[in-house]
Each structure stands twice: as C-alpha cells, then as structure tokens.
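**Q** Have a look at this fold, sequence not included:
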C-alpha cells in the first residue's frame, strides 16, 4: 500500500493544478489553430505540442524538464538559450528567398525600414511598464514580427524571458492574417487600395549574386552586432543564387530548417511551464506584442502613403503593401495580396509586397544588431 501511495504521488494526476490546465488548454489551442485553421502550422504545431510537454505535472520533479540540468530537453534547449538555432533558420530563409523585386525596386526597402518603428515603439512602451533596458530591448524586437530574431536577441540580453517572448512573437506571426487587415483598411482610402503598380524590371543573375555580398558588407558595417544573423541570411541566399551550390542551398531550405524548426518549436513550447510562464511579466509581454504588431503595420502603411506624395503616375505605391514591412515572410505579403484583391480582382500585389517583406527580415536583424551592439557589452 505504501508503494502504491508513493506511485500515485508521482503521477501527473496528483500534481495537477489550474496553471497546468490553463497552459495545456493554450497548447491545444495552438495545435488546433495550426491544423484546422492552418495559421503557421509549421510553427504552431510543434510549439503547441511543446507546451503540452512542458506542462505535464511532475516532470520537473523527476528531472525530465527543460530546466533540469542534464535532461534531454535541457540539452536541446541549449540551442535556444545560446542563440544557435536562430542563425540556422536564417540560413534556410536566405536559401528560400528571392530578392529580385527588392533589387528591381530598391525604394521599397524604406517600407521595410519604416515597419521597424514598431520595435522602438515597443521598446519605449516596455520601459514605461517597468521592464529594465535589457528586457525592454528583447521585448521590443517582437515588433519586427521575427521569431528567430526575437529568440536570438532575448537569449543574449534577457535569457529569463526567452519563453514568453518567443511564444508572443510566434503567436502574433501566426495571427498576421487577423491583425493586419483591419489596420490596413482603416488607414487607406478606396482609391489607394486599387492602385496598380508597374511590373518590376527583370533582374540579372549577376545582380542576384552581387546583392548578398554587398548586402552583408553594408548591413554589418552599420550593425556589427547582427553579424551572425545577417551572415547566415546572405550566405543562404548566395548558395541559392550562385546555382553552383544547389545541393547546399537545397539542404539549407529543406532538411536543415525543418529539423531546427521542430527543435526550436518543441523546446520553446516546453519552456512555458506554468510555474515559470504564468507571471505578470508574461501578460505584459503579450500585451506589448499586440501593440508592436499594430504599430509596425500602421507605420509601413502610413510611410507608403507618405512616399506617394513624391511619386507620380505608375511609380506610385499601393499602400496596402506597407503592412509587408514586418518580417513575417511570406504571410504578411500574402495579406497584401488578399486585401488588395478584395477591391480589385485584377490587382496582383504579391510580387511587390515581397520586396518590403524581405527588407523587413533584413531590417529586424539590423535593429537587433544595433540593440545588441549598444546594450550587449
């Protein structure tokens, strides 16, 4: 009987409480959104499953959790806490990305830059809510709509907040189709929404090869702190565009990024144990995350309208692509296309929206590099 009682005390049923039940419900909601609503399933399914793993009561007491030194999950989580996984994801993103539209119409880089205003607005808001400057910088990067960059910066500046920051960043990335359209419609007129942009010029292979090399030099001269992310992004793109390293490019954009996505999703989700995650700080971070996405979207749209004051004829920009300045690739560009076609079925904005979208990826990495360079020492 004594052994039976001891066994019952080790089960999750005996150790369950409301916090664990709430987090399990959140994990199930993530899985449901990923599978049945198809909101970023490659992210939400492993993260949601990880939340279930991290909230099985008694796991920590038996030394199996993410925070138990020497456990398998703890070793896998090492790639998050030390910032190893995000650069590998950037390598895969670079190998998938076509920068042609950005090269053909470089002024659209400004939309990607404008959307980064969300980062610095959230940084200021975090300070006002009582976070210290290192925590505020880590939270602010959520405004770039870039999960890997958020994890990378927080792992360097505020490792104790990696879990809530990563969950907030990926949650709002998945909800881009829900968050952005109302803001885009509110800030544009019907006339602006039906602007047809002229087709971009054809970009040569030489330009595509030169771009990642020049891009690396320029961005890392501006923000040396972002070297790791930017180097991997541009290396992946060079592997793709050179055409002589197709095997490496293919491995980067398929097997490598898939494996790392599984590991980062599972371990970040598992780090959200109720006794660690359910705090006032986490609630504030989620609130700031929603604010940051709204500000970044609005900044991109409004800056496109501002640019149109100086552009004439078919050089004008459809402001609906301003939302794509956040680096949720390619979801925010798809939102530009979907909203645009609600007003004109013949208007194809996707290829134009990809320019500020990929510029946003670069911009968020540069912003992270600037913050890391200033605060990392």
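**A** That came in fine, so what should we check first? Computed from a predicted model, the values in this text were never measured in an experiment.

**Q** pretty sure residue 118 contacts residue 289?
**A** No - look at residue 118 against residue 289 with CB atoms under 8 Å: they stay out of range, at 10.1 Å. Where C-beta positions appear, they are placed from N, C-alpha and C, glycine not excepted.

**Q** Look at the two and report which has more neighbours.
**A** Neighbours were counted for residue 118 and for residue 289 using other CB atoms under 10 Å; residue 118 has more, 29 against 26.

**Q** how about the more buried one, what does it touch?
**A** Taking CB atoms under 8 Å, 6 or more residues apart in numbering as the contact definition, residue 118 lies against 143, 144, 145, 292, 293, 294, 295, 296, 297, 299, 326.

**Q** how much space is there between the first one and residue 316?
**A** Looking back up the chat, that one is residue 143. Residue 143 is 27 Å from residue 316, where distance means CB to CB, to the nearest Å.

**Q** Which one's more surrounded, these two?
**A** Using other CB under 10 Å, the more surrounded residue of residue 143 and residue 316 is residue 143, with 33 against 18.

**Q** Would you mind giving me the confidence score for the residue nearest to the spatial centre of the chain?
**A** For the chain, the residue nearest the mean C-alpha position is residue 146 (2.0 Å; CA atoms, centre = their mean). On the pLDDT scale, residue 146 is placed at 77.

**Q** cool, residue 265 as well?
**A** The model's pLDDT for residue 265 equals 93.

**Q** Can you pick out the most distant pair from the contacts of residue 118?
**A** Greatest spatial distance among the contacts of residue 118 (CB to CB): 144 and 294, at 13.6 Å.

**Q** The two: who's more crowded?
**A** More crowded of residue 144 and residue 294, by other CB under 10 Å: residue 144, with 32 against 18.

**Q** Phi, psi for the residue lying closest to that one once chain neighbours are set aside please.
**A** Excluding the flanking residues, the one nearest residue 144 by CB to CB, 6 or more residues apart in numbering is residue 364, at 3.1 Å. As for residue 364, its main-chain torsions (degrees, to the nearest 10) stand at phi -70, psi -40.

**Q** Next up, the contacts around residue 364.
**A** Here residue 364 is in contact with 116, 119, 141, 144, 145, 146, 149, 327 (CB under 8 Å, 6+ apart).

**Q** tell me the SS of residue 196?
**A** Secondary structure, DSSP: H, G, I helix; E, B strand; the rest coil: residue 196 is coil.

**Q** That one contacts residue 314, doesn't it?
**A** Yes - the criterion here is CB under 8 Å, and residue 196 meets it with residue 314 at 7.5 Å.

**Q** Same drill for those two, tell me which one is more crowded.
**A** Shown here are residue 196 and residue 314; by other CB under 10 Å, residue 196 has more neighbours (15 against 10).

**Q** Settle this for me: residue 256 is touching residue 94, isn't it.
**A** No - using CB under 8 Å, residue 256 makes no contact with residue 94, being 11.4 Å away.

**Q** who has more neighbours, these two?
**A** Counted by other CB under 10 Å, residue 256 and residue 94 do not tie: residue 94 has more neighbours, with 27 against 18.

**Q** Spell out the secondary structure type for the more buried one.
**A** With three-state DSSP as the criterion, residue 94 reads helix.

**Q** Surely it touches residue 212?
**A** Yes - if you go by CB under 8 Å, residue 94 and residue 212 touch, sitting 7.4 Å apart.

**Q** Between those two, which contacts overlap?
**A** Common neighbours of residue 94 and residue 212, using CB under 8 Å, 6+ apart, are 234, 235, 237, 238.
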